[in-house]
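# Fold the following.
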Amino acid sequence: MGFFAVALVLFWIKTYTIYKFEFNLGVSGAMQEFLLFFNPLSSGLIFLGLALFAKGRRAGIWIIVIDAILSFILYANVVFYRFNSDFITIPTLMQTDNFGSIGGSIADLAQMHDLLYAVDIILLIVLYTTIRKGWSVSRIQLRKPFMVLAAGVLAFTINLGLAEADRPQLLERTFDRNYLVKYLGAFNFTIYDAIQSAKTSTRRVLADSSDIVKVENYTKSKYAEPNEAYFGKGEGKNIIKIHLESFQSFLIDYKLHGEEVTPFLNSLVHDQEKGFTYFDNFFHQTEQGKTADAELITDTSLYGLPQGAAFVTKGSNTFQGLPAILGQQQGYTSSVFHGDGKSFWNRDEVYKHLGIDEFYHEAYFDMSKENVINYGLKDKPFFEESMQYLEEMDQPFYAHMMTLTHHHPYLIDEEEASIEPAETGDGSVDRYFQTARYLDESLEQFFNDLKEAGLYEDSIIMIYGDHYGISDNHNRAMAEITGEEITPLKNADLQRVPFMIKVPGVEGQGINHEYSGQIDIMPTLLHILGIDARDYIQFGTDMFSEDHKDFVPFRNGNFMTEKYSYVDGKYYDNATKEVIEEPTPEMKEMHETVMKELELSDEVLYGDLLRFYTPNEDWQPVDENEYFYGGPDDENGKVEE
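Take a look at the predicted model:
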């Protein structure tokens, strides 16, 4: 029991230390501070207490083993959090196929002081080998381990009661995992997450056709009439959709060492003769799925899931996305270009359900050593080699070009870096500008190639950022870069990503200040092509419409509007940056609307509800068996009958 007590105290100290120094949990007030300190106790009592049921010296061994397992779980969350500002969930663990491609990121995220997190395990091993000879070989009286477990349950009950008092409906509204860990602890969150994952797996079985009705009623009530100046103006035009990896909008017009970081993108924003409209209040809305979430949102106008990536956990769902709609309504050929493995994020399966005709993955590109860095093919050879496939595609086409080089940890060969790194002392932040410049140069090269091939003038060109590149774990360095303190509101502001679009024959607007997000891309593009978005289940609205709904929900329940924002449980005045102590009924109603919208989107994905919905009489459900994505010497795309 003495050995158990030492293990419990060491475990408690380590866990609390990690909470304080590794996680940015937004603790405020004495109650939250107390709960953060208190919540490791119940986990330690229950999990380490299980070892006391072992016989004699085995109990000591099991205490060490269980402590080591708990420490591994905790440290895995530390590494995961350093990049994602989030915690590992069961759906995340299902994405193990992706882990092989992120080895460089993991190595970059590990730090020397992490070795200190193993000190308690070493101390326990030394202590055990020193004192085990004096231990009885008999099992201790069973009432003792049962009392320990009872104490753990009591501690958890007290913990949960105090948490619910400070944060009502904590377990009912769980979009923000930071809240759960702050109030209940990392280990209790893991158990809760496992229970929730088990519950969501049954939702598809229990769903029926009546469940889609309330979703349809909501999305139709939110519908925004198209802008006549844009409606149908892009019909029959090729669509080139360029995905900027990890690109945040603060890079636009940013100067480092007196140089523009992205001079080419800046020219698209400011030179109206180039015909682009740039939305400077456009936000990403991704969660744990990051890039995969961005793909899902932009092609379906559904939100990603609160946990894991829908591409992985719900990849076999019925979808009614842009590729299939454009193919059926206007005869478009759809394709995705990505210089990485075809199974990454389960793309080779989910693309079939989206109705994507052709998938150009790493087998189609020269993946020699000089062309590859970090996650896959460098952007310059990627765009250069993609041209031959673009020129061969049947027109009109919908081509989704996915860049890769500008991805954490932002590695670039010295000879290809055309701007010096920043000087914050934070490697990820400092290199971020170098890979952004490389991406900018890649885009300029690609535009020139499109013009030479005769594809530029007659194509709708859309450029968007997929998710943040610099998480709030780098606030110190980002404060140097932005010249501002990174408050919760400022961090939300930094979730802006670029969105710009050129429609042939339509004069660009220059900079448009409308608040919008990735969820709005699909209905906007449908209206540009002359397809009424009203028929489809979509949570976004046309960004060019006078009726556009300009509130932008984030996946964790926060949201932004033009005048005020809701971040981490507080309302802010966007003009003054101050907390609004007494929010208006309108603000509270908006919060309820955001929560309802996220919940309805979740119901669609968890219940696979689109299998019960027919958009119009011409709609044909996508048959995934008609698609196969091989290599250059095999079939690729839709298999002709």
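# so where's the stretch 51-200 of the chain shaky on pLDDT?
84, 91-107, 169, 172-176 (pLDDT under 70).
# would you list every one of the helices in the stretch 251-400 of the chain?
Using DSSP state H, counting those that start in this stretch, the helices found in the stretch 251-400 of the chain span residues 263-270, 291-300, 310-313, 322-330, 347-354, 379-392.
# tell me what the fourth one is packed against?
When contacts are defined as 3 or more CB pairs under 8 Å, 6 or more residues apart in numbering; DSSP states H and E, helix 322-330 packs onto helix 291-300, strand 333-338, helix 347-354, strand 397-402, helix 521-528. In this view, the C-beta of every residue, glycine as well, is placed from N, C-alpha and C.
# Go through that helix and flag the buried ones.
Neighbour counts using 16 or more other CB atoms under 10 Å place Leu322, Pro323, Ala324, Ile325, Leu326, Gly327, Gln328, Gln329 of helix 322-330 among the buried residues.
# so the last one touches Ile531, yeah?
Yes. Using CB atoms under 8 Å, Gln329 and Ile531 qualify as a contacting pair, with a distance of 5.4 Å.
# on that earlier part again, okay, the helices of the stretch 251-400 of the chain in JSON lines with mean pLDDT next?
Below are the helices of the stretch 251-400 of the chain laid out as JSON lines (pLDDT from 0 to 100):
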{"stretch": "helix 263-270", "mean pLDDT": "98"}
{"stretch": "helix 291-300", "mean pLDDT": "96"}
{"stretch": "helix 310-313", "mean pLDDT": "86"}
{"stretch": "helix 322-330", "mean pLDDT": "97"}
{"stretch": "helix 347-354", "mean pLDDT": "93"}
{"stretch": "helix 379-392", "mean pLDDT": "97"}
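# Show me the one of the ones you listed that comes nearest Ser210.
helix 291-300 (21.8 Å; CB to CB).
# Against which helices or strands is that closest one packed?
Using 3+ CB pairs under 8 Å, 6+ apart: helix 291-300 touches strand 238-244, helix 310-313, helix 322-330, helix 347-354, helix 521-528.
# Hey, what's the angle from it to strand 238-244? Just curious.
With axes from the mean of the first three to the mean of the last three CA atoms, to 10 degrees applied, the angle from helix 291-300 to strand 238-244 works out at 150 degrees.
# can the helices and strands packed on helix 322-330 go into CSV with extra columns for distance to Leu390?
Compiled in CSV, those are given as follows (distance: least, CB to CB, whole Å):
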stretch, distance to Leu390
helix 291-300, 19
strand 333-338, 8
helix 347-354, 18
strand 397-402, 6
helix 521-528, 18
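# Make CSV from the ones you listed and add mean neighbour count and distance to Glu562 to it.
Formatted as CSV, the helices and strands packed on helix 322-330 follow (neighbours: other CB atoms under 10 Å; distance: least, CB to CB, whole Å):
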stretch, mean neighbour count, distance to Glu562
helix 291-300, 27, 21
strand 333-338, 25, 34
helix 347-354, 23, 33
strand 397-402, 23, 30
helix 521-528, 26, 18
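# Rebuild the helices and strands packed on helix 291-300 as CSV, extending it with distance to Phe189.
Listed next are those as CSV, based on distance: least, CB to CB, whole Å:
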stretch, distance to Phe189
strand 238-244, 32
helix 310-313, 18
helix 322-330, 36
helix 347-354, 28
helix 521-528, 33
